[in-house]
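[1] quick check, what structure comes out for this input:
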Amino acid sequence: MVFRTRLAWLLLAPAMLAMVFAACGGGDDDGGGGGGSGSDEAFVASICKAFATFSTDLDKTMKDASNITDEKEAAKKFAAPFESLAKNFSNAKPPKDLKDWHSKASKTLTDAAKAMKDGDLKALENIDDLPDPPQDASDRMEKIAKDNKDCQTADFAFGS
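    From the prediction side, this is the model:
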């Protein structure tokens with residue numbers, strides 16, 4: 001019963017991650033961003049592409065893992081899509097105003113993916129520890145995401 005509960009949580013993780021990351025952003029050289037190393041558009045594109053890839057990878061893994069009954073084995077099997085997400089998310093270049101948030105969120109994702117690779121399905125609960133991004137960045141990114149095809153494909157939104 002506990003395994004099924006955790007597996008159900010795993011299946012809900014993509015939607016939960018999308019809500020958590022609903023406010024990612026990137027620096028804008030036109031005055032809208034924080035003057036960081038990445039543009040708002042490039043950051044949105046990177047994050048949305050990461051989630052589109054994650055969704056595809058997770059779907060494939062779910063098909064391959066349909067008969068797994070062991071919690072540790074399931075965690076290891078599902079670690080790969082989460083590792084890829086953590087890597088792709090970490091590689092996105094945030095603007096200055098999101099640098100600290102991005103660093104903390106990247107570490108949380110990376111740590112959770114590593115723990116899953118070690119067989120700890122409960123590591124998904126660590127994603128709840130992700131810090132909230134600044135609201136102004138969320139609003140800024142949502143405007144860009146509405147027109148981004150990867151965001152649309154991933155059904156991903158920045159903000160509420």
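
[2] next one: Thr69 from Lys77, what distance?
    Applying C-beta to C-beta, to the nearest Å, the value for Thr69 to Lys77 is 12 Å. All C-beta atoms are positioned from the backbone trio N, CA, C, and that covers glycine.

[3] more neighbours: which of the two?
    The neighbour comparison of Thr69 against Lys77 (other C-beta atoms under 10 Å) goes to Lys77, with 17 against 9.

[4] what sits against the residue nearest to that one when sequence neighbours are not counted?
    Nearest-residue entry for Lys77: Ala65, 4.6 Å, with adjacent residues in sequence omitted and distances by C-beta to C-beta, 6 or more residues apart in numbering. Contacts for Ala65 (C-beta atoms under 8 Å, 6 or more residues apart in numbering) come out as Ala74, Lys77, Phe78.

[5] which of these fall within helices?
    Ala74, Lys77, Phe78 (DSSP state H).

[6] residue boundaries of the helices in this structure?
    If DSSP H is used as the criterion, the helices of the chain fall at 2-20, 40-64, 71-91, 99-117, 135-145, 149-154.

[7] what angle sits between the third one and helix 40-64?
    Inter-element angle recorded for helix 71-91 and helix 40-64: 160 degrees (by axes from the mean of the first three to the mean of the last three C-alpha atoms, to 10 degrees).

[8] check which helices and strands helix 71-91 is in contact with.
    For helix 71-91, the packing partners by 3 or more C-beta pairs under 8 Å, 6 or more residues apart in numbering; DSSP states H and E come out as helix 2-20, helix 40-64, helix 99-117.

[9] pull the distance from the last one to the chain's centre.
    When you say that, I think you mean helix 99-117. Chain-centre distance of helix 99-117: 9 Å, with C-alpha atoms, centre = their mean, to the nearest Å.

[10] same question for it, mean pLDDT?
    What helix 99-117 shows for mean pLDDT is 89.

[11] again with stretch 120-140
    80.

[12] okay, now the unreliable bits of this structure?
    By pLDDT under 70, the weakly predicted segments of the chain are 1-37, 158-160.

[13] again, only this time at 80
    Residues of the chain that meet the criterion pLDDT under 80 lie in 1-37, 64-69, 123-133, 156-160.
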